[in-house]
Structures are given as C-alpha cells and as structure tokens.
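In: Return atomic coordinates for the entry below.
(one chain, ligands or ions: 2)
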Amino acid sequence: MLCSRVGYLCRAPTVAARCLQARSFTIAIDGPAASGKSSTARAVAQQLGFGYIDSGSIYRCATLLALRKNIYAADASAEGDEQSQKLVDLISRANIDINIKPGSGWSAQSAAGTGRLVVPDVQVLLDGEDVSREIRAPEINRLVAKVASDGGVRDAVLHTQRYLAYAAETRPASTPEGRGTDSSGTPGGGVVMDGRDIGTTVFPKAELKIYLDASAMARAIRRWDEMNSHMKETQAAAAAAAQKSNADRDAVKKDGDQASHASVSYPSVEDIARELEQRDYADINRKHSPLRIASDAVVIDNTNMTFEHQVYSIVDLARERMGLPRRYDEL
Ligand SMILES: Nc1ncnc2c1ncn2[C@@H]1O[C@H](COP(=O)(O)OP(=O)(O)O)[C@@H](O)[C@H]1O
Ligand SMILES: Nc1ccn([C@H]2C[C@H](O)[C@@H](COP(=O)(O)OP(=O)(O)O)O2)c(=O)n1
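Out: Ligands and ions are numbered 1, 2, ... in the order given. Here you go, the predicted structure:
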C-alpha cells in the first residue's frame, strides 16, 4: 500500500492503514553533533504528545552491528563492496526500536513557572537487547560518521526511520493534556525526529523544520558536562555496590577498580571538540544526504539560549502552524 504522506511502500498493512488515517504533523530537527537536537526533540515531543525518533541511534545501532561483525573495523571497507553489502543486509534484518521510557527523565522548572518541561529517557533496543548505553561508547563515536556515509546503509536506515515514525506517532502518548484531547483541535498524531538529513531527505515535506546550532566550544563543553555527570553516576553506583557487598573484599576491589577506571577513561574538552569537529566535517562533506540547512528550515542558534527557551520556541512554532494559539509568549 502506498503511504500518501511520504510516498514509500509501507510493508506492514496495519501501519499503512493507520498512516492514511492519522492527522500527522512532522517536526524535523537537524544540526551538528551536540547542538541539543535529541534533548530538545524529546521535550518538544513530550509537550505536544507526539512520538519521538532519534535517528542518530539507528546509525549508531548500524555501527554497533558493524563492530560486532568486524565490518569496517579496519577502515578497509568501501561503499558497495561485499563488506558494505553485508552490513546493509544486517541492518535490513535487524529489529530496531526506540522507546520513550514512560515516567522517566528529568523535569525542568520553566522560566514561565509552568514546571511542565520534562525530558524523558529513551531506550534503544536492537533485536530486543537494550543497547542504549553501548551505542554511546567512544568506539561507536569514532566510526559512526563513516558508516553513515555509505549510500547503501543510508537507504536501509531510511526505511527504518520512516517505518518507526509511523509506529511512534500512532502510539499512545502521555502528555500534560493527553493526546488529541485539546478542544481547539490538537492533532491526534505527530512525530518529532532529529538527525542530520530529516528536513532535507527523510521528511522533505515536514510541516516544521528546525536547524539547531551552537558554537563548537559550547557543544564540546555540554558533551563534556554530560560525560562528567555519567562518570559521577557510574562512580556513585560502584561505591554503593562496593558498600553493599562489604563482606566480599574481592567485589569491593573490583567495583573500586571500575570506578577508578571510569575516572581516567574520559576525554578532555579539547578531545571532545576534536572528535565533534571531525564528525561534523564528515557529515557535512559526505556524498549522500550531507548535513545541510533545508531552505525552509528555521535556524536556532542556542549558544546563549536556555534549554527551556529553545523548547518552548519550537512548541509555539508548531502550535502556530497547527492553527493553535501560542502558549509561551511570556518567555
Ligand atoms: N540551550 C542549551 N543550553 C545548555 N545546554 C543545552 C542546551 N540545549 C541542550 N543542552 C545540553 O547539551 C547536551 C547535548 O544535547 P543533545 O540533545 O544530546 O545534543 P545532540 O542530540 O544534538 O547531540 C545535553 O546535555 C543537553 O541537555
Ligand atoms: N539523520 C541522521 C542522523 C545521524 N547521522 C549520523 C551522523 C552522526 O555523526 C551519527 C550519530 O548521530 P547522533 O545524532 O547520535 O550524534 P550526536 O548525538 O549529535 O553526537 O549518525 C546521519 O548521518 N543522519
């Protein structure tokens, strides 16, 4: 069945039928690494009661498959060759799912005092295995832009992106109002997807396209902060585990070793800035679907903008385009 909205063949009849019925609204958020796409997209989706897809996670799952099967590992594979084809087959057969964890995440008190800004956590499943943490590992960061530059890989991922978008926008959502209950006509379905080519290639007819940007240093510092708080969490968990198993000295030593290992294995801000720069360069200069600002995108540079402000600006742009009154003019 041909899906009218994006013109691709929906293989699953139930999804195809739903996608013809859904009054959907698509928000595409693109931009360079660590510009705030995924955290913003999750909060926007939460505010609007839309589904959310982190398309970078799909490329990261593809990279994990490549590493596990030793494809690309030696940097020796070329697009279209046997190794690349092997990876395309693996991605096409893989079952990737991205779920917002209900009731999870952190809640930010908004400047307007509504206190409703929640950034939920996302769980990424690869053939049923929770790989949410593993796909953020440094070895994945190093390889993912190369994997994402392969045209065959991109075609396979494109299918997954569109399929997941339809599945996500028709899933029940938990939102301040509940989905579709707004008397002034909040749409019954919508999706926010973030990545590099969402507004240019994946959903070129998206109702709202955002290009998020920030200075290279601001992005590197934010990533570093993020890693630092992860490290603290890991150390706290290791310390708690060590305390719990106090009777077992070996376990205490092992946990302590893990904690100290965690503290030395994290890169500096400069290392992160270099890695982001290399990845941005690869994403901007690749042949297939390079990172570009779509001609009809709204560009938001959030270097000096609060997180709340950028989320509410996008929510209001979406509401305006849906014919609903703006909500956060006071910001
Ligand atoms: N306007 C902002 N000011 C400060 N930090 C921000 C802002 N927007 C996002 N962040 C933080 O920057 C980090 C990277 O954001 P993330 O959404 O993971 O980026 P991306 O998906 O583009 O890689 C996160 O810790 C996020 O909370
Ligand atoms: N739509 C997309 C999404 C991601 N990619 C590629 C490019 C990126 O370097 C990797 C990882 O993307 P991801 O959004 O997870 O990366 P960051 O969180 O911004 O560091 O995937 C892409 O080519 N197209």
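
In: Please, which helix or strand holds the closest residue to ligand 2 within the stretch 1-150 of the chain?
Out: Relative to ligand 2, the nearest point of the stretch 1-150 of the chain is Gly56 (2.3 Å; C-beta to the nearest ligand atom). Bear in mind the C-beta positions are built from the backbone N, C-alpha and C, glycine included. Taking DSSP states H and E as the criterion, Gly56 maps to helix 55-68.

In: how about the closest residue in space to the residue of the stretch 1-150 of the chain closest to ligand 2 that isn't next to it in sequence, what does it touch?
Out: Excluding its sequence neighbours, the residue lying closest to Gly56 (C-beta to C-beta, 6 or more residues apart in numbering) is Gly195, at 5.8 Å. For Gly195, the contact set (C-beta atoms under 8 Å, 6 or more residues apart in numbering) comprises 29-30, 37, 54-56, 161, 202.

In: Keep only those residues that also lie close to ligand 1.
Out: Restricting the contacts of Gly195 to those within reach of ligand 1 (C-beta under 6 Å from any ligand atom) leaves Lys37.

In: tell me the two of the contacts of Gly195 that are most distant?
Out: Of all pairs drawn from the contacts of Gly195, the widest gap by C-beta to C-beta lies between Lys37 and Gln161 and measures 14.3 Å.

In: how close does the nearest residue to Leu87 once chain neighbours are set aside get to ligand 1?
Out: Nearest residue to Leu87, sequence neighbours excluded (C-beta to C-beta, 6+ apart): Ile71, at 4.9 Å. According to C-beta to the nearest ligand atom, to the nearest Å, Ile71 and ligand 1 sit 25 Å apart.

In: tell me which parts of the stretch 1-150 of the chain are close to ligand 1?
Out: Residues of the stretch 1-150 of the chain that fall close to ligand 1, judged by C-beta under 6 Å from any ligand atom: 31, 33-39.

In: Neighbour count and pLDDT added to those residues, as CSV?
Out: Putting those into CSV (neighbours: other C-beta atoms under 10 Å; pLDDT from 0 to 100) gives the following:
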residue, neighbour count, pLDDT
Gly31, 26, 97
Ala33, 23, 94
Ala34, 24, 95
Ser35, 26, 97
Gly36, 23, 96
Lys37, 25, 97
Ser38, 21, 94
Ser39, 19, 93
